[in-house]
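Asker: no sequence on this one, just coordinates:
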């Protein structure tokens, strides 16, 4: 419609021959557009995706806050927003002033992830979902690079060139996979490009664990974080599977998809804190680890860098 209106306005005073050529061009263009109607919504920022939402939206419907603001998935919105913002900001605050700006950037990505996914579940707009997905994959790539760097070139990769190749792949990975998952309706493309890399992260963590004595930490709490992250990722996938394939009215009240985002954010938080512990020595600093709620029950760990004297 927009194309035709534009042509009627622009070509009003053209000759009949010119009008004929334009009409043929328009017909060809419309034909080309109609051959791929399925993928257009993937590039439409305000398109509702998925069309039927997630379990909360399917069973409970939208939520009208104070009869003023309509949320598509209010529960998922609150969990995503609060968990991402809280974990990222508390990670930045607890890191102190000596920590590398790269660590602060990893924490800030958690904040951005929470905000974008929160807005996405509030609106179910495709564009916000794609932004959150891009942040997630970009952070996943950075974590692989930083973990591989702390593991050492010779210990895990065997050769410097392979490490450089990993960096180059990680640099392209987020953008390429987001475009692929956006361009094809098959959801397995998006899932595989994100999920498979967890095994790569786990393999690097296992190598770091085998060589943990060489890091000479006063306490082993730092290495607990990789197992916390692994456990949370496994639980997150179980909850996502239940929410996606076994949605019921009762389960919709548990907001399992929002908890999936919370657990993924926690996994990234633990991996970022682990990277902070391992990279402190590269900056000639000593990592000071604080555990909550107690040293005997170290569920949350924070790391500050202390300059060596």
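Answerer: Ah, there it is. Source: prediction; values computed, not measured.

Asker: going by C-alpha atoms from here, please, whenever you check contacts or count neighbours.
Answerer: Noted.

Asker: and the residue positioned nearest the centre of the chain, what helix or strand is that in?
Answerer: The chain has residue 136 as the residue nearest its centroid, 1.7 Å off, counting by C-alpha atoms, centre = their mean. Residue 136 is part of helix 126-151, with elements assigned from DSSP states H and E.

Asker: likewise residue 303?
Answerer: Residue 303 is located in strand 298-307, with elements delineated by DSSP H and E.

Asker: direction included, what does that strand pair up with?
Answerer: If you go by DSSP bridges, strand 298-307 pairs up with strand 285-293 (antiparallel).

Asker: please enumerate the strands of the stretch 1-150 of the chain.
Answerer: With DSSP state E, counting those that start in this stretch as the criterion, the stretch 1-150 of the chain has strands at 63-65, 69-71.

Asker: and the helix holding residue 136, what does it pack onto?
Answerer: Under the contact criterion of 3 or more C-alpha pairs under 8 Å, 6 or more residues apart in numbering; DSSP states H and E, helix 126-151 touches helix 101-123, helix 160-183, helix 197-210, helix 256-279.

Asker: which helices and strands does the shortest one pack with?
Answerer: If I follow you right, that is helix 197-210. helix 126-151, helix 221-245.

Asker: ok, back up a step: need the contact partners of the strand holding residue 303.
Answerer: The contact list for strand 298-307 (C-alpha atoms under 8 Å, 6 or more residues apart in numbering) reads 91, 94-96, 98-99, 221-222, 225, 270, 273, 276-277, 280, 284-293.

Asker: contacts only, for residue 143.
Answerer: Contact analysis of residue 143 by C-alpha under 8 Å, 6+ apart lists 201, 271-272, 275.

Asker: flag every buried residue along stretch 204-219.
Answerer: Buried positions in stretch 204-219, judged by neighbour count with 16 or more other C-alpha atoms under 10 Å: 204-205, 208-209, 212, 217.

Asker: including distance to residue 179, could these go into TSV?
Answerer: Shown next, in TSV, are these (distance: C-alpha to C-alpha, whole Å):
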residue	distance to residue 179
204	27
205	29
208	33
209	35
212	38
217	42
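
Asker: returning to that earlier point: so the residue nearest to the centre of the chain versus residue 129, what's the distance?
Answerer: Counting by C-alpha to C-alpha, to the nearest Å, the separation of residue 136 from residue 129 is 11 Å.

Asker: can you list the domains in this structure?
Answerer: According to automatic domain parsing, the chain comprises the domains 2-35, 55-307.

Asker: just the mean pLDDT for the first one, thanks.
Answerer: Just to be clear, that refers to domain 2-35. Throughout domain 2-35, pLDDT has a mean value of 39.

Asker: go on, stretch 292-301?
Answerer: In this model, stretch 292-301 carries a mean pLDDT of 79.

Asker: for it, measure first residue to last.
Answerer: End-to-end distance for stretch 292-301, by C-alpha to C-alpha: 6 Å.

Asker: okay, now residue 95: neighbour count?
Answerer: Residue 95: 23 surrounding residues under other C-alpha atoms under 10 Å.

Asker: could you report the pLDDT at the closest residue to it other than its chain neighbours?
Answerer: Closest residue to residue 95 apart from its sequence neighbours, by C-alpha to C-alpha, 6 or more residues apart in numbering: residue 304 at 4.7 Å. Residue 304 is assigned 91 on the pLDDT scale.

Asker: please apply the same query to residue 167.
Answerer: For residue 167, pLDDT reads 71.

Asker: sorry, back to before: looking at the domains of the chain, which is buried most?
Answerer: domain 55-307 (a mean of 18; mean count of other C-alpha atoms under 10 Å).
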